[in-house]
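Engineer: The sequence and its predicted three-dimensional model are supplied below.
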Amino acid sequence: MTIVRIAAAAAHFGHDLEFDLARIAKLIKDARTSGAGLLVLPDAALGGYVADLRHPDPAALPPALKPDDPLILQVARLAAEIVVCFGYCEDAGDERYNAAVCVSGDGVLGRHRKVHLPAGEVAAYSPGDRFAAFDTPVGRIGMLIDYDKTFPESARSLALDGAEILACLSAWPTSITNRAPRMAQDRQSRLFDLYDQARAAENQVVLASSNQTGALGGMRFLGQSKVVGPGGDILARTWSKAGLAVAEVDVAEEIERARRLLRHLDERRPDTYWDART
């Protein structure tokens with residue numbers, strides 16, 4: 001499939017799994033009504049995010065789910081013909097991961113464990129160790145979670161692995177240390193949009209960015225979900241409100257148009273880039 005309607009969700013999720021599942025079902029229904037073939041839900045959509053990034057309480061962490069938990073399989077059944085990406089806390093025995101899974105009615109299509117953990121998350125999660133794209137009915141997708149998109153190498157790794165669409169799942173709050181009086185003036189609000197547009201433009205791919213809304217503990221989430229074209233242009237957005245940002249994109253055509261003159265991936269000079277490991 002090359003022409004696909006992409007929906008990026010902005011919504012609030014908490015630690016109540018029953019509430020979260022009902023909200024996911026509603027968003028899938030809304031996406032289906034809009035004709036979407038791909039729905040990207042926020043990080044921690046199933047089980048919620050940590051309530052305090054400064055001092056996470058080990059006794060108040062999000063519920064952890066095994067990779068084959070019945071709730072994940074239930075989301076796959078709800079998805080049916082739609083490709084749905086969503087985040088959850090993964091129970092891996094002695095370790096927990098901030099994880100994302102991509103599903104459809106056919107089952108699990110791809111997985112990702114958040115690689116880059118901000119300071120507060122280190123106490124709650126272990127880091128993932130790879131970026132890998134995967135094939136889906138709507139094209140080849142790569143997933144990033146929150147802080148992953150701050151690092152250009154994350155998205156570049158997925159683009160080099162053939163990703164045509166980057167699904168960026170976030171629970172991205174306003175600034176914790178220097179909160180602005182208005183969300184639109186917040187430093188993190190500016191950076192969130194900047195990273196989305198830069199990661200799409202520098203890799204010349206389509207990017208779907210979802211985010212949580214509302215508040216949890218002492219954090220207030222930005223929303224600002226959006227679909228970005230391979231030139232870095234925002235095709236649809238929710239601003240700070242809950243809802244779906246929906247855009248119809250001819251993925252192959254838009255990528256080819258962006259790469260017609262300048263092909264960033266082909267024109268790299270890896271032999272000149274400094275690597276601390278060498």
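Structural biologist: Arrived safely, thanks for sending. Quantities reported herein were computed from a predicted structural model and do not represent experimental measurements.

Engineer: what about the helix or strand containing Gln188, distance to the chain center?
Structural biologist: Per DSSP states H and E, Gln188 falls inside helix 187-203. Centroid displacement of helix 187-203 relative to its chain, using C-alpha atoms, centre = their mean, to the nearest Å, is 13 Å.

Engineer: hey, what's Val4 bridged with?
Structural biologist: Applying DSSP bridges to Val4 gives these bridge partners: Val249.

Engineer: Am I right that it is in contact with Leu39?
Structural biologist: No - between Val4 and Leu39 there is no contact under C-beta atoms under 8 Å: 11.0 Å. All C-beta atoms are positioned from the backbone trio N, CA, C, and that covers glycine.

Engineer: So for these two, which residue has more residues nearby?
Structural biologist: Leu39 (28 against 23; other C-beta atoms under 10 Å).

Engineer: Name the nearest residue to that one, sequence neighbours excluded.
Structural biologist: Nearest residue to Leu39, sequence neighbours excluded (C-beta to C-beta, 6 or more residues apart in numbering): Ala31, at 4.2 Å.

Engineer: list the contacts for the one you found?
Structural biologist: For Ala31, the contact set (C-beta atoms under 8 Å, 6 or more residues apart in numbering) comprises 7, 9, 39, 82, 84, 244, 246.

Engineer: can I assume it sits in a strand?
Structural biologist: No - counting by DSSP: H, G, I helix; E, B strand; the rest coil, Ala31 falls outside a strand, being helix.

Engineer: now the strands: where do they sit in the stretch 1-150 of the chain?
Structural biologist: For the stretch 1-150 of the chain, the strands defined by DSSP state E, counting those that start in this stretch cover 3-11, 38-40, 64-65, 83-92, 95-104, 107-113, 134-136, 139-145.

Engineer: tell me what the fifth one is packed against?
Structural biologist: When contacts are defined as 3 or more C-beta pairs under 8 Å, 6 or more residues apart in numbering; DSSP states H and E, strand 95-104 packs onto helix 70-79, strand 83-92, strand 107-113, strand 134-136, strand 139-145, strand 165-170.

Engineer: Just tell me which of those ends up closest to Pro63.
Structural biologist: Nearest to Pro63, of all the helices and strands packed on strand 95-104, is strand 83-92, at 6.7 Å by C-beta to C-beta.

Engineer: Check the residue nearest to Leu39 and give its pLDDT.
Structural biologist: Predicted confidence (pLDDT) for Ala31: 98.

Engineer: how about Ala92, what does it touch?
Structural biologist: Residues near Ala92 by C-beta under 8 Å, 6+ apart: 67, 126.

Engineer: Mind pulling the model confidence for it?
Structural biologist: At Ala92, the model reports a pLDDT of 97.

Engineer: Can you tell me the number of residues neighbouring Ala64?
Structural biologist: Counted with other C-beta under 10 Å, the neighbours of Ala64 add up to 17.

Engineer: what are the bridge partners for it, then?
Structural biologist: Counting by DSSP bridges, Ala64 forms beta bridges with Cys89.

Engineer: Verify the stated contact: it with Asp91.
Structural biologist: Yes - assessed by C-beta under 8 Å, Ala64 is found in contact with Asp91 at 3.7 Å.

Engineer: For the nearest residue to His264 once chain neighbours are set aside, grab the count of nearby residues.
Structural biologist: Using C-beta to C-beta, 6+ apart and skipping residues adjacent in sequence, the residue nearest His264 is Gln204, 5.6 Å away. Per other C-beta under 10 Å, the neighbour tally for Gln204 reads 23.

Engineer: now swap in Arg5 and tell me
Structural biologist: The number of residues packed near Arg5 is 18, by other C-beta under 10 Å.

Engineer: I'd like to know how far it sits from Ala159.
Structural biologist: Counting by C-beta to C-beta, to the nearest Å, the separation of Arg5 from Ala159 is 22 Å.

Engineer: where does the stretch 151-278 of the chain have low pLDDT?
Structural biologist: Applying pLDDT under 70 to the stretch 151-278 of the chain flags the ranges 276-278.

Engineer: Which residues does the residue most central in space within the chain form beta bridges with?
Structural biologist: Of all residues in the chain, the one closest to the mean position by C-alpha atoms, centre = their mean is Leu169, 1.6 Å from it. On the basis of DSSP bridges, Leu169 is bridged to Ile145, Ser210.

Engineer: Helices of the stretch 151-278 of the chain, start to end?
Structural biologist: Secondary structure of the stretch 151-278 of the chain by DSSP state H, counting those that start in this stretch: the helices cover 152-160, 187-203, 251-258.
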